[in-house]
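Trainee: When you get a sec, could you give me coordinates for this:
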Amino acid sequence: MAGILEFRDASFQEAKSLPRDFLQALSDFFSAGNAVTEQGWYDFCKKWSAKLSRDPDLLSGLVMDCGLVGRFIRLKSDEKSIHSISYGPMEPLDTIIREAAFKLAGENRKWLDSIINAFKDIEVKTPESYGPSGESAPTQKSGAGPALTGDAKVEALQAIKRFLENKLTEIAELHESVVENGEPAQKDFRSVRLTESLPWTFRWDRTNDKFRLAVEFLLSVLKVAGRSPEGFEWKELGAQAQQAIGGSKMFDRDREKLLDLIQEICGMPLEDLGLTSRGSLYPVYILGKIELTFCAESQNRCIGQECDLPQENPSNGQFRTLSLDSLHAITNFEVEELKSLSTPAGRIILTENRALLIKMYKTGWFKKSPESFVVGIDGRLRLSHHRILKLLQRAAPHIPCYIWTDSDSPGISFVEELHHLFPGARVVFIEGHNLSCLDYEKFTEKIKARPDLLNREQESLLGGPNDWDRVFQIY
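Mentor: Here you go, the predicted structure:
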């Protein structure tokens, strides 16, 4: 069949103004060098138009005007009617990608050299610098076991250092095989993977943001843990890696994955290497009568798990107690130190939004016999919420419990998580212009059969004392 190839002369300046990740995706899209159908090309442009906030047709036209992509119109036997339309890469696309890869390789080389230089300056202290062998090192106890000895801490830091050294060596060796005559060899896209469980990779022709982040995190841990035997705070790690305003937040987004990486490398949590806190401070809202028993000594703090302390008399000084009977916000650090709690309440209410908790406080309804104890999740079920709820369930396993959330997807996820903590809990939800309450199994069946019950905000019908009397069965 005859056909017409439509293309424009290359406009490199305009093409280089396009985002680098888009150009790389465009190259990957045509990686086999084959043409794609008109529908395939439209789908690609539609996907990227959303990311770039551009119209799909305008984006397609821009790419063609830059000379990066050509359009082939295949004609029928009459050489007039269109049989099909396909799109394919033009030579300028390969040229631009190679130039970008060359630039990236240079940036990656500069980054690697700076990391290697910083790595050479790191010395892991000897066990004697942490105290005689067998004595407790001055590190923060995590609650996972006894405090580390000097030997154990040194071995852990050495394991991190060996891991980091091996990865830097792998990257350097990869450079020799990938870069030829000062340019990246496009035929070789081999990469270095961080770990099997955290498959962030390094490639010389990519930006490698996540891999870089992990390497810089490990480097910061070695530096900060080595110089701070008294312990260190999460934000110090980010500030060490990026010494500029905002640098302390550098590792926040991937905190849990990076903490898991440390444990995978050296076999122990970062708390055992000196981390005193994970850098976040937030409240847990509670309403009602409760007595809280805390671990009095800071070295007995429990981070992210239940304390493993002996059951001793609180009067011996190892514990301190606090009695509350109204609306309060306790911090996640206080929750970490909680040993146990008790409440005389006749029911437990778990609410996703604080608005309900505030309204029950303002109306005084929570004091109505039998009194209620209310916990506000406040939009996100975090580590300290899990901990206080587990302690609450242990202290009051037979008290009726109610779960009340939004009925959108995150809200339903809250219900599922809270149901695991309180298997016998009933679920409160909005049905029409009324509040209803069902056990968990019947609730899940109902929302499957009635999709109109979904996507309702809890605040759209909080109700009042009369509604609560009915829903929470006060007669």
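
Trainee: part of a strand, is I430?
Mentor: Yes: under DSSP: H, G, I helix; E, B strand; the rest coil, I430 falls within a strand.

Trainee: Can you get me a residue count around it?
Mentor: If you count neighbours by other C-beta atoms under 10 Å, I430 ends up with 19. Quick note: C-beta positions are derived from backbone N, CA and C, even for glycine.

Trainee: Kindly report the same for P423.
Mentor: 11.

Trainee: got the contact list for it?
Mentor: Y440 (C-beta atoms under 8 Å, 6 or more residues apart in numbering).

Trainee: Just the pLDDT at it, thanks.
Mentor: On the pLDDT scale, P423 is placed at 94.

Trainee: How about L391?
Mentor: 94.

Trainee: Also E297?
Mentor: The score at E297 is 53. That number is its pLDDT.

Trainee: Repeat that for H420.
Mentor: Per-residue confidence (pLDDT) for H420: 93.

Trainee: Check the one 10 residues further on too.
Mentor: I430 is assigned a predicted lDDT (pLDDT) of 96.

Trainee: Please apply the same query to C302.
Mentor: Predicted confidence (pLDDT) for C302: 46.

Trainee: Let me know the distance separating N332 from E271.
Mentor: Using C-beta to C-beta, to the nearest Å, N332 is found at 14 Å from E271.

Trainee: Please identify which of those two sits among more neighbours.
Mentor: Between N332 and E271, counted using other C-beta under 10 Å, the more crowded position is E271 (24 against 19).

Trainee: so where's the stretch 351-475 of the chain shaky on pLDDT?
Mentor: The stretch 351-475 of the chain contains residues with pLDDT under 70 at 474-475.

Trainee: actually the stretch 51-200 of the chain, sorry about that
Mentor: The stretch 51-200 of the chain contains residues with pLDDT under 70 at 125-150, 176-189.

Trainee: Can you show me the strands along it?
Mentor: Remark: strands assigned in the stretch 51-200 of the chain by DSSP state E, counting those that start in this stretch are 69-75, 82-89, 179-180, 183-184, 192-193.

Trainee: domain assignment for the protein?
Mentor: Using automatic domain parsing, the domain parsing of the chain gives 3-89, 101-277, 283-471.

Trainee: Let me have these in CSV, extended by distance to T95.
Mentor: Output for the domains of the chain, formatted as CSV (distance: least, C-beta to C-beta, whole Å):
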stretch, distance to T95
domain 3-89, 8
domain 101-277, 11
domain 283-471, 45
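
Trainee: Run a quick neighbour tally on the residue nearest to R278 when sequence neighbours are not counted.
Mentor: Leaving aside its sequence neighbours, R278 sits nearest to W234 (C-beta to C-beta, 6 or more residues apart in numbering; 5.0 Å). W234: 20 surrounding residues under other C-beta under 10 Å.

Trainee: residue contacts, W234?
Mentor: By C-beta under 8 Å, 6+ apart, the contact set of W234 is 251, 255, 275, 277-280.

Trainee: For those residues, which ChimeraX command selects only the ones that are buried?
Mentor: In ChimeraX syntax, the buried subset of those is picked out as below (16 or more other C-beta atoms under 10 Å):
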select :251,255,275,277,278,279
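
Trainee: Max pairwise distance over the contacts of W234: which two?
Mentor: Greatest spatial distance in the contacts of W234: F251 and S277, 13.8 Å, computed using C-beta to C-beta.

Trainee: Tell me who's in contact with G463.
Mentor: Listed by C-beta under 8 Å, 6+ apart, the contact partners of G463 are 435, 471.

Trainee: Now with 6 Å, please.
Mentor: Applying C-beta atoms under 6 Å, 6 or more residues apart in numbering to G463 gives the contacts L435.
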